[in-house]
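Participant: got a sequence here, can you build the structure:
(chains A and B)
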Amino acid sequence: MKPWKTSLAFVILIALTVSAAAFSKGYAGIFTFSLIINAIMAISYDIPARSLDFISLGHAVFFGLGAYFFGIAVSNGFSFFQAFTLSVLLSAAVSGMVVLLTAGLSHGYYSLATLGLLIIFQRLFETLEGVSGGSAGIYIPEPISNFQCALLAAFLLLATAACHVVFSCSRWGFFSMETKADEQAAEAIGIPTRRLKILCLMTGAIPACVAGILYLARTSHVSPISGFSLTLSITALLGSRIVPINGVLGPVLGILVITAAEEIIWTKFQSFNLAWFGLILLVAALYQGVNFRNLKKGTN
Amino acid sequence: MIQVLISGLFLGGIYALLAVGLSLAFGIMGVLNLAHGSLAVLAAILYKKSLVFYSFSPWTFCILATPLFLGIGFLLHFFIAAPFRNLSPPTATVASLMASLGVALILEDLFVRWQGWEPISTYIAFPTVHLPGLQIPGMRAALLGMAAVTISLCILFMKKTDSGRSMRALAQDKETASLCGINPAITAIGAMGLATILAGFAGVFYSVLYPLSPREGIDLTLKALFIVVAGGMGNLRGPAVAGCLLGFIESFSGFLFTYTSTDIIVYSLLVSYLAFKRGRRPQ
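Facilitator: Predicted coordinates:
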């Protein structure tokens, strides 16, 4: 990836960080925070999606796990830092199990399994009423101020973007390009493909878990529908895919477009928000089809 | 216990019908159609709306609405299959997955707008057969019979007709089939039409037996997809058997546990099967 693209991505991210510090209250604060959370989800999604072509339909599983473990810990009287550490560790452990289960799957099956897992976790947290509050979810008192929360989210965003860049430029990034092109050939030349997939998927999963924790710290409420949300998974997918630029700039620009579109959809077309999402997804897929066809013909 | 087994068989028959259509679309075009369940919901809504004007039986409605389902299938083909025809198989599968999810989301919102949140139920009273220690609801038995006949006709169509043979040839080797004079585009359109007809039938039958939520399309698709994966992508008998098996599992877990636990058990079994068995094989 060209250095100016990475620089431009980081300029946008730093602008977001400054915005988070400047606007922590009111509508601007909520919008900036949701933009940052969506950006973390899209960049973390992009790590396995772009480097291994793993299209997950259940990226929100990691987000929901982080949010729920944090909520349960805070409800049981842990302080913010204790709950934060505990929930990062627990959600990373459960995410690790999810990753181990799905890392060996081929592309279409991986997408299906992740969608299945999203539904399993949604139903599981609906069922465990005593621990997770059932369908109503968990309400917690505000553990930190909105300003602190926005700053932490902005820091996490920068860290996630840095992870993306470091992974792409490391030998694992090059291994992943080789594995994406031809997995059998990659194995033949000694690339540990399974270890690579696990590393890649975990690098994407952990920022999503922490994003879930910060989301709950800011909003004070999480339910199975908002935590393990299909819409959030699709937002991350669209953010990662809609702008066909490699590297961290693609998801950064993608999420700016998607979050702006999402905001307009929510305010202008409240009863048709899912349909608009569907339309964007359909157009993105059709555009991808045209794009690949042109690539094949050598016109792009 | 036998009653639960029979309920499972009825439910499984409908799942099988749904899954056979999906398997057809995947086998021939490599399309994982996430809008398949939404098409079933669409058919159920259309049947419910038609009951306001005429009291059609489910089978009469299915026969009359076949050209409509076929037309919807043709239309759908141009959005979720045709644009990705020339892509490599994994890319085409992922792109079709995204496009069909988009179509499913659009349809779900339109259904809620059109029908409201009220569940779609088209229950029709039908005599129950009483046997010693056993009750067999007549409508369920009749629908199971219809589902079995539809699947059998579909298998016969694939084996005995020229169009069916063309579809099978295309599923086996696209390039060789083209060299033999089969038009891949037209055959694929036909396959999508047939898959939509099967989804439509399944939706109508399902709404007669159980209330169907307007937002249940993706749930139905996912179950059908897992049945297809468990039964084997691209063949028709495997999904039929796996569908019945899923019906039994769902029926037994519903009998032993709560509704949400049923979903957890069913999806966990399916994800495990995918992770440990099918998903590791090359597609």
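
Participant: now the strands for the stretch 151-300 of chain A?
Facilitator: A:221-222 (DSSP state E, counting those that start in this stretch).

Participant: tell me which element the residue nearest the centre of chain A is part of?
Facilitator: Centrality entry for chain A: nearest residue to the mean C-alpha point is residue A:41, 2.2 Å, by CA atoms, centre = their mean. Element membership for residue A:41, per DSSP states H and E: helix A:26-52.

Participant: figure out how far that helix is from the centre of its chain.
Facilitator: Counting by CA atoms, centre = their mean, to the nearest Å, helix A:26-52 is centred 6 Å from the centre of its parent chain.

Participant: buried residues in that helix?
Facilitator: Judged by neighbour count (16 or more other CB atoms under 10 Å in any protein chain shown), helix A:26-52 contains these buried residues: A:29, A:32-52. Any C-beta I mention is one placed from the backbone N, CA and C, and that applies to glycine too.

Participant: elements contacting the helix or strand hosting residue A:111?
Facilitator: If you go by DSSP H and E, residue A:111 is part of helix A:107-127. For helix A:107-127, the elements it packs on are helix A:60-75, helix A:80-102, helix A:224-227, helix A:230-241, helix B:89-115, helix B:217-231, helix B:259-273, judged by 3 or more CB pairs under 8 Å, 6 or more residues apart in numbering or on different chains; DSSP states H and E.

Participant: residue B:256 - how many residues pack around it?
Facilitator: Residue B:256 has 11 neighbours, counted by other CB atoms under 10 Å in any protein chain shown.

Participant: pull up the gap between it and chain A, please.
Facilitator: Using CB to the nearest CB, to the nearest Å, residue B:256 is found at 14 Å from chain A.

Participant: shaky segments in the stretch 151-300 of chain A?
Facilitator: Along the stretch 151-300 of chain A, segments meeting pLDDT under 70 span A:270-271, A:289-300.

Participant: roughly how far does residue B:60 sit from chain A?
Facilitator: Counting by CB to the nearest CB, the separation of residue B:60 from chain A is 32 Å.

Participant: pLDDT score for that residue?
Facilitator: Listed pLDDT for residue B:60 reads 87.

Participant: now the one 5 residues further on
Facilitator: Listed pLDDT for residue B:65 reads 89.

Participant: what's the neighbour count on residue 105?
Facilitator: Because you didn't say which chain, this covers chain A. When neighbours are defined as other CB under 10 Å, residue A:105 has 20 of them.

Participant: not what I meant, chain B
Facilitator: Neighbourhood size, residue B:105 [other CB under 10 Å]: 28.

Participant: name the nearest residue to it, ignoring sequence neighbours.
Facilitator: Ranked by CB to CB, 6 or more residues apart in numbering or on different chains and with sequence neighbours excluded, the top spatial neighbour of residue B:105 is residue A:278, at 3.0 Å.

Participant: wait, isn't the one you found in contact with residue B:99?
Facilitator: No. Under the criterion of CB atoms under 8 Å, residue A:278 is not in contact with residue B:99, lying 9.7 Å apart.

Participant: tell me which of these two has more neighbours.
Facilitator: residue B:99 (29 against 25).

Participant: ok, for that one, nearest residue in space, not its chain neighbours?
Facilitator: Nearest residue to residue B:99, sequence neighbours excluded (CB to CB, 6+ apart): residue A:285, at 3.7 Å.

Participant: surely that neighbour meets residue B:93?
Facilitator: No. The pair residue A:285 / residue B:93 is not scored as a contact, 11.5 Å apart, by CB under 8 Å.

Participant: which residues does residue A:256 contact?
Facilitator: Residue A:256 makes contact with A:12, A:35, according to CB atoms under 8 Å, 6 or more residues apart in numbering or on different chains.

Participant: same deal with the one 3 residues further on?
Facilitator: If you count contacts by CB under 8 Å, 6+ apart, residue A:259 has them with A:31, A:34, A:35, A:38, A:39, A:235, A:239.

Participant: distance check, the residue nearest to residue B:99 against residue B:72.
Facilitator: According to CB to CB, to the nearest Å, residue A:285 stands 19 Å off from residue B:72.

Participant: which of those two has more neighbours?
Facilitator: More crowded of residue A:285 and residue B:72, by other CB under 10 Å: residue A:285, with 24 against 21.

Participant: what's near enough to touch the more buried one?
Facilitator: Residue A:285 neighbours (CB under 8 Å, 6+ apart): B:83, B:84, B:95, B:96, B:98, B:99, B:102.

Participant: just give me the neighbour total for the nearest residue to residue B:103 once chain neighbours are set aside.
Facilitator: Leaving aside its chain neighbours, residue B:103 sits nearest to residue B:35 (4.2 Å; criterion: CB to CB, 6+ apart). For residue B:35, the count of nearby residues is 28 (other CB under 10 Å).

Participant: equivalent analysis for the one 3 residues further on, please.
Facilitator: Summarising burial for residue B:38: neighbours were counted as other CB under 10 Å, giving 28.

Participant: hang on, residue B:33 packs against residue B:25?
Facilitator: Yes. Assessed by CB under 8 Å, residue B:33 is found in contact with residue B:25 at 5.1 Å.

Participant: overlap in contacts, those two.
Facilitator: Taking CB under 8 Å, 6+ apart as the contact rule, residue B:33 and residue B:25 both touch residue B:195.

Participant: who has more neighbours, these two?
Facilitator: Under the criterion of other CB under 10 Å, the comparison of residue B:33 against residue B:25 puts residue B:33 first, with 33 against 30.

Participant: how about the secondary structure of that one?
Facilitator: Secondary structure, DSSP: H, G, I helix; E, B strand; the rest coil: residue B:33 is coil.

Participant: tell me the pLDDT at it?
Facilitator: pLDDT, residue B:33: 85.

Participant: what does residue A:67 give?
Facilitator: At residue A:67, the pLDDT recorded in the model is 94.

Participant: ok, residue A:12 - how many residues close by?
Facilitator: 18.

Participant: please enumerate the helices of chain B.
Facilitator: B:2-29, B:36-53, B:58-80, B:89-115, B:138-160, B:162-172, B:174-179, B:184-209, B:217-231, B:237-256, B:259-273 (DSSP state H).

Participant: so which elements touch the shortest one?
Facilitator: Using 3+ CB pairs under 8 Å, 6+ apart as the contact criterion, the elements in contact with helix B:174-179 are helix B:162-172, helix B:184-209.
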